[in-house]
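Trainee: Here is the input, now give the coordinates:
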Amino acid sequence: MSTTQITSGHYTLDPVRSTVGFQRRTFWGLTAVNGVFGSVQGRGTVDADGTAGGGLVIEVASLDSKHTKRDNHLRSKEMLDAESFPKITFDTERITPTGSSTADVEGKLTVRGTSRRRSYPVSFKKQGADAVVLRGAVTIDPAQFGLKNPLGMMKGPAVIKLDLHFTA
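Mentor: Okay, here's the model as predicted:
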């Protein structure tokens, strides 16, 4: 990110204005299961030379797809195992500008104690003197993180959608 656009400093995620959502298609592909994580924390830094970094912490128990039975199943030991692994984390390792308001984010995503490197594009926009908004989506294969699909109802990738508001 360019320091001419984003003021250098330390940033904190505004959890009220930010959303981390997910979407996964059903086995037949007819509908999508959508949900959000209601409890998300984050931090970011932008250095004077324009380098940037940060991280997110997502509370697994805050998962909400508006269907209690499904939510309980997704939090269970068969899936995200919220009791043993209460947090999903993403630690940024590098942010590479790709345009005046876009970048590629690279880092380590940890789900159920399994870490995998992920890269995804984001757009960013300065808001006022001390805020920045990042938006992006990352596609993951839940099986790479040990998530099982015992009923076979949902297969294929999951999309994690990010709308992150940071303030200095």
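Trainee: can you give me the end-to-end distance of stretch 7-22?
Mentor: One end of stretch 7-22 to the other measures 30 Å (Cα to Cα, to the nearest Å).
Trainee: Can you mark which positions in it are buried?
Mentor: Under the neighbour-count criterion of 16 or more other Cβ atoms under 10 Å, stretch 7-22 has Thr7, Tyr11, Leu13, Ser18, Val20, Gly21, Phe22 buried. To be clear about C-beta, it is placed using only N, CA and C from the backbone, and glycine gets the same treatment.
Trainee: what lines up beside the host helix or strand of Val20 in the sheet?
Mentor: Using DSSP states H and E, Val20 falls within strand 19-26. In the sheet, strand 19-26 lines up against strand 32-37 (antiparallel), strand 154-167 (antiparallel) (DSSP bridges).
Trainee: show me where this structure has helices.
Mentor: 68-75 (DSSP state H).
Trainee: which intervals of it have sub-threshold pLDDT?
Mentor: Along the chain, segments meeting pLDDT under 70 span 1-4, 27-29, 149-155.
Trainee: which residues in it form strands?
Mentor: Using DSSP state E, the strands of the chain run over residues 9-13, 19-26, 32-37, 40-46, 52-59, 63-64, 87-97, 102-111, 114-127, 131-140, 154-167.
Trainee: rewinding a little: out of the strands paired with strand 19-26, which gets nearest to Glu93?
Mentor: When the strands paired with strand 19-26 are compared by Cβ to Cβ, strand 154-167 sits nearest Glu93, at 16.5 Å.
Trainee: Return the set of buried residues in that closest one.
Mentor: Met154, Ala158, Ile160, Leu162, Leu164, His165, Phe166.
Trainee: now the angle between strand 114-127 and that strand, please.
Mentor: Between strand 154-167 and strand 114-127, the angle comes out at 40 degrees (axes from the mean of the first three to the mean of the last three Cα atoms, to 10 degrees).
Trainee: what's in contact with strand 154-167?
Mentor: 11-14, 17-27, 33, 42, 44, 54, 56, 122, 127, 130-142, 149 (Cβ atoms under 8 Å, 6 or more residues apart in numbering).
Trainee: Stretch 60-73 now?
Mentor: 33-40, 74-75, 79-82, 85-88.
Trainee: Repeat the analysis, applying 7 Å as the threshold.
Mentor: 33-39, 74-75, 79-80, 82, 85-88 (Cβ atoms under 7 Å, 6 or more residues apart in numbering).
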